[in-house]
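*Asks:* below is the sequence, then the predicted model.
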Amino acid sequence: MTQARLMDGTALARRIVEDTARRAADLTARTGTTPCLATVLVGADPASVTYVRMKQNRSRKAGIASRHVELPAATTTEDLVGTLEELSADPAVHGILLQHPMGAHIDERAAFEAIAPEKDVDGVTFASFATMSFGLPGFVSCTPGGIMRLLDAYDVDPSGKRAVVVGRSAILGKPAGMLLLARDATVTYCHSRTTDLSAVVREADIVVAAVGRPQLIKGQDIKPGAVVIDAGYNPGNIGDVDFDSAVERASLITPVPGGVGPMTIATLLEQTVDAATRQLGA
Ligand code: NAP
């Protein structure tokens, strides 16, 4: 068995962002309105501050305006909901990103649901989950959406394949499985209560690792020729898959970093321009 081919998320994300920048410039020229992404940050968690700043910088480079709202850590759910409702009603804002996780005192679901579905460019609302699940047009969760773009770019058709998604979080594992199901894969979800994870993973034609446990998935559990998508990002740039052993058995594999990671922001920017295009009737 030869070594797996790498799925280059950095290069694909660059192409998507370049295309998005062209579309943003064209939209601005045609309508006189620049697409605008509002980012909302509650508190000052260093990782969240970095992520939000990165999203703003990338937006700017792609010709997308950004508006940033910073709220104190002690903000109540009610106040946060009020802020999100104002942004949802503001015609100058086309997309809204609420950085999470937030403090435990905040009802995260109530906050997400205050985002108007037509501005939910991060794909976090019930409405977006429903359209993802039914395979209908709408906004996708950015990391799962990025994963699907990677599969498409490398001509991996999920139809009829056995896909095993390890992880079932609302923003990653669950929507990744729903998007694969909508594309006719036979999907199995694994999680912390799954017994004999190795045996389940061994059956997969497509493995999506979305756990947050360094190198949980070993090469010996990868079916020869399988496609391995590692969405995990653990301290020290380590994925959820043991890359060195998995690369010997997979046919395609995402590196960490440079695989799934760059696709997340690219999807966010692309969906912001999609949202602006629809809202401006252009
Ligand atoms: P999360 O909310 O903590 O969810 C982790 C999931 O993994 C849960 O469903 C959990 O099961 C499951 N799990 C935990 N231990 C397990 C085990 N030993 N065996 C099988 N399943 C297990 O995490 P997340 O937000 O989905 O993120 C997952 C990983 O993706 C993290 O490394 C994160 O940094 C990364 N990530 C990357 C991007 C990106 O842009 N590349 C974006 C988001 C997240 P239970 O449901 O039973 O608890």
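*Replies:* Yep, that arrived.
*Asks:* from Leu172, how far out is the nearest residue to Asp240 once chain neighbours are set aside?
*Replies:* Leaving aside its sequence neighbours, Asp240 sits nearest to Gly232 (C-beta to C-beta, 6 or more residues apart in numbering; 2.9 Å). (C-beta placed from N, C-alpha, C; glycine too.) From Gly232 over to Leu172 the distance is 10 Å, taken as C-beta to C-beta, to the nearest Å.
*Asks:* and stretch 161-175, is it in reach of the ligand?
*Replies:* Yes: using C-beta under 6 Å from any ligand atom, a contact is recorded between stretch 161-175 and the ligand, made by 166-169, 171-173.
*Asks:* and the furthest pair within these?
*Replies:* Farthest apart among the residues of stretch 161-175 next to the ligand by C-beta to C-beta are Val166 and Ile171. That separation is 15.0 Å.
*Asks:* quick one: which of these two has more around it?
*Replies:* Val166 (28 against 19; other C-beta atoms under 10 Å).
*Asks:* not counting sequence-adjacent ones, nearest residue to the more buried one?
*Replies:* That would be Cys190: by C-beta to C-beta, 6+ apart, it lies 4.5 Å from Val166.
*Asks:* same deal with Ser251?
*Replies:* Gly225 (4.6 Å).
*Asks:* just Pro101 next, same as before
*Replies:* Glu108 (7.4 Å).
*Asks:* hang on, isn't the one you found packed against Met102?
*Replies:* Yes: with contact defined as C-beta atoms under 8 Å, Glu108 reaches Met102; the gap is 6.1 Å.
*Asks:* which one of these two has more residues nearby?
*Replies:* Neighbours per residue (other C-beta under 10 Å) separate Glu108 from Met102, with Met102 holding more: 22 against 17.
*Asks:* three-state assignment of the more buried one?
*Replies:* coil (DSSP: H, G, I helix; E, B strand; the rest coil).
*Asks:* state the distance from Asp107 to Met148.
*Replies:* As judged by C-beta to C-beta, Asp107 and Met148 stand 30 Å apart.
*Asks:* of these two, which one has the most company?
*Replies:* Neighbour totals were compared for Asp107 and Met148, and Met148 leads with 22 against 14 (other C-beta under 10 Å).
*Asks:* ok, that one - contacts?
*Replies:* 140, 179-180, 183 (C-beta atoms under 8 Å, 6 or more residues apart in numbering).
*Asks:* which residues belonging to stretch 2-14 are considered buried?
*Replies:* Using 16 or more other C-beta atoms under 10 Å as the burial criterion, the residues of stretch 2-14 that qualify are 4, 6-9, 12-13.
*Asks:* now that stretch: average pLDDT?
*Replies:* Stretch 2-14 carries an average pLDDT of 96.
*Asks:* ends of it, what's the gap?
*Replies:* 28 Å (C-alpha to C-alpha, to the nearest Å).
*Asks:* over to stretch 62-74?
*Replies:* 33 Å.
*Asks:* equivalent analysis for stretch 56-71, please.
*Replies:* OK, stretch 56-71 end separation, C-alpha to C-alpha: 17 Å.
*Asks:* just stretch 212-229 next, same as before
*Replies:* Stretch 212-229 end-to-end distance (C-alpha to C-alpha) = 13 Å.
*Asks:* kindly report the same for stretch 222-235.
*Replies:* End-to-end distance (C-alpha to C-alpha), stretch 222-235: 23 Å.
*Asks:* hey, where'd the helices end up in the stretch 151-282 of the chain?
*Replies:* Taking DSSP state H, counting those that start in this stretch, the helices of the stretch 151-282 of the chain run over residues 173-182, 197-201, 243-246, 261-279.
*Asks:* what does the third one contact?
*Replies:* Helix 243-246 has contacts (C-beta under 8 Å, 6+ apart) with 4, 215, 217-220, 222, 228, 230, 253, 255-256.
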